[in-house]
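Enquirer: With the input below, show me the fold.
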Amino acid sequence: MNYEFESGATHCVASRILRFWGKVLPVSRQIQTLAIAAMFSLFVSPVFSASLADFAGKEGSINIAGGTAHIPVMKEVAKHIMTANPKVTVTVAGGGSGVGVKQLGEGLVDIGNTGRPITEKEMSEYNITSFAFAIDGVAIAVHAENSVSGLTTEQIKDIYAGKITNWKEVGGHDAPISLYTREDGSGTREVFVEKGIAKGDILQTAAIVSSNGAMKTAVSKDKNAIGYVGIGNVDQSIKAVQVNGIAATQENAASGKYPVTRKLYMNITNKASALTKAFIQYVLHSQEGKAAIVAAGYIPLEAVAQ
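Expert: Just a heads-up that it's a prediction; the model follows:
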C-alpha cells in the first residue's frame with residue numbers, strides 16, 4: 001500500500017509569500033524554515049495531526065536505515081522525540097534504498113527509507129506499506145568553478161555513456177570529464193538513470209560514491225567532475241546545472257518543470273510497532289516534521305491515500 005502526500009498549490013502560495021518576506025524582512029534561514037512549515041498548516045487542513053504528546057508514556061527503540069537523502073529529516077525528528085521522551089531511542093543509518101528495503105524485509109530495522117517507490121515484488125514479498133513524505137529533485141552537479149551552466153538530457157546521457165569525454169564539447173574548458181555515480185541499489189541513482197539519462201548507460205569506469213554527502217564532497221574537490229545529488233544537498237561547494245534550460249530548484253521540481261524528480265519514502269511492514277507508527281505520523285503530520293523536511297531542502301507532501 002502506498003500513501004502519497006501531495007503539496008500542489010499550497011507550495012506555490014507559500015513560496016510566493018516567502019519570496020515576498022525575503023525581500024521585505026531580514027529573516028534568517030531558520031525563521032524562513034519555520035515560516036514555510038507554518039504556512040503549510042494554514043493552507044491545508046490535514047486529515048491527521050501529530051505532536052510530541054503522542055509519545056508520552058511510550059518506550060522502546062526505532063531503528064531506521066536506507067536512503068541517505070532522508071538522514072537529515074530522520075535525525076532532526078528523532079532529536080525532538082528523544083528530547084521529549086528519553087525512554088524512546090531512535091537510531092538512524094544510511095546504506096542506500098536497496099539496503100533499506102533489504103534490512104526492513106529481514107527485520108533488522110523498523111523503517112526502511114527509499115528514494116524510489118517500492119516495487120510490486122518488494123511490496124508483496126515483505127508486506128510493505130510505503131509513505132511518501134517529500135519531493136526532492138536530483139541535481140546534475142559540477143565543480144563550483146566549472147563554466148558550464150546547463151546541459152540537455154541527451155548531453156548528460158552521452159557524457160555518462162562515454163560519447164562526450166571533454167568539457168569543451170559542451171561549451172566548457174578543455175579538460176577530460178571525470179564521472180561520478182552512486183552505487184547499485186541507490187534510489188538517487190535509479191531516478192538519475194531513468195530521468196536524468198533516459199535509461200542510458202553509465203560507464204563502468206565511473207567513480208562510485210556511497211551517499212549524497214560523499215558525492216557532494218567528491219565533486220567539490222574535482223574541477224573536472226560531474227555527478228548527481230539530491231537538490232537538498234546542493235550548496236556553494238558545487239554547482240547544479242540547468243537541465244534542458246530548467247534550473248534545478250525544488251520549486252521547479254514540485255511544479256514538474258524540472259525533469260529529474262522523485263519522492264522520498266518511509267517504509268514499514270505489517271509488523272511495525274505502535275511506536276514506529278507514531279514516528280511515521282509525526283514526520284507526516286507534525287509542525288516539527290514539516291519544518292525538518294523544509295530545513296533539509298525538500299518539499300513536504302500532504303496526505304492523499306492512494
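
Enquirer: Quick check: phi and psi at the residue nearest to Thr276 when sequence neighbours are not counted.
Expert: Leaving aside its sequence neighbours, Thr276 sits nearest to Asp110 (Cβ to Cβ, 6 or more residues apart in numbering; 4.5 Å). Where you see a C-beta, it was placed from the backbone N, CA and C, and this is true even at glycine. Backbone dihedrals for Asp110, given as degrees, to the nearest 10, come out at phi -90, psi -30.

Enquirer: quick one, what contacts Asp235?
Expert: Lys216 (Cβ atoms under 8 Å, 6 or more residues apart in numbering).

Enquirer: hang on, I meant Asp158
Expert: Here Asp158 is in contact with Ile164 (Cβ under 8 Å, 6+ apart).

Enquirer: Need the three-state assignment for it.
Expert: helix (DSSP: H, G, I helix; E, B strand; the rest coil).

Enquirer: Can you give me the neighbour number for Met82?
Expert: Around Met82 there are 15 other residues, counting by other Cβ atoms under 10 Å.

Enquirer: What's the per-residue pLDDT of it here?
Expert: Looking at Met82, its pLDDT is 98.

Enquirer: Would you confirm that it contacts Val88?
Expert: Yes: counting by Cβ atoms under 8 Å, Met82 touches Val88, with 5.9 Å between them.

Enquirer: State the pLDDT value of the residue of the chain most remote from its centre.
Expert: Distance from the C-alpha centroid of the chain, by Cα atoms, centre = their mean, peaks at Asp174 (33.3 Å). For Asp174, the model assigns a pLDDT of 98.

Enquirer: For it, identify the helix or strand it belongs to.
Expert: Assigned by DSSP states H and E, Asp174 belongs to neither a helix nor a strand.

Enquirer: what sits against the residue nearest to Lys58 when sequence neighbours are not counted?
Expert: Using Cβ to Cβ, 6+ apart and skipping residues adjacent in sequence, the residue nearest Lys58 is Leu275, 5.4 Å away. Residues near Leu275 by Cβ under 8 Å, 6+ apart: Phe55, Lys58, Glu59, Gly60, Ile62, Val88.

Enquirer: of these, closest to Phe279?
Expert: Of all the contacts of Leu275, Phe279 sits closest to Ile62, with 5.4 Å by Cβ to Cβ.

Enquirer: Pro176 versus the closest one, what's the distance?
Expert: When distance is defined by Cβ to Cβ, to the nearest Å, Ile62 is 46 Å away from Pro176.

Enquirer: more neighbours, the two?
Expert: Per other Cβ under 10 Å, whichever of Ile62 and Pro176 has more neighbours is Ile62, with 23 against 10.

Enquirer: Can you tell me how far the residue nearest to Thr276 is from Lys277?
Expert: 10 Å.

Enquirer: picking up where we left off before, my read: the residue farthest from the centre of the chain touches Trp167, true?
Expert: Yes: the criterion here is Cβ under 8 Å, and Asp174 meets it with Trp167 at 7.2 Å.

Enquirer: How many residues are close by Ala175?
Expert: So Ala175, with other Cβ under 10 Å, has 12 neighbours.

Enquirer: Over to Ile208?
Expert: 17.

Enquirer: tell me the contacts of it?
Expert: Tyr180, Thr181, Arg182, Glu183.

Enquirer: Closest one of these to Lys263?
Expert: Arg182 (17.5 Å).

Enquirer: one step back: list the contacts of the residue farthest from the centre of the chain.
Expert: Asp174 is in contact with Asn166, Trp167, Lys168, counting by Cβ under 8 Å, 6+ apart.

Enquirer: Could you tell me how far the second one is located from Glu183?
Expert: As for Trp167, its distance to Glu183 is 25 Å (criterion: Cβ to Cβ).

Enquirer: re the thing from before, out of the contacts of Ile208, who's nearest Gly100?
Expert: Checking the contacts of Ile208 against Gly100 with Cβ to Cβ, the nearest one is Glu183 at 13.0 Å.

Enquirer: Sounds good, over and out.
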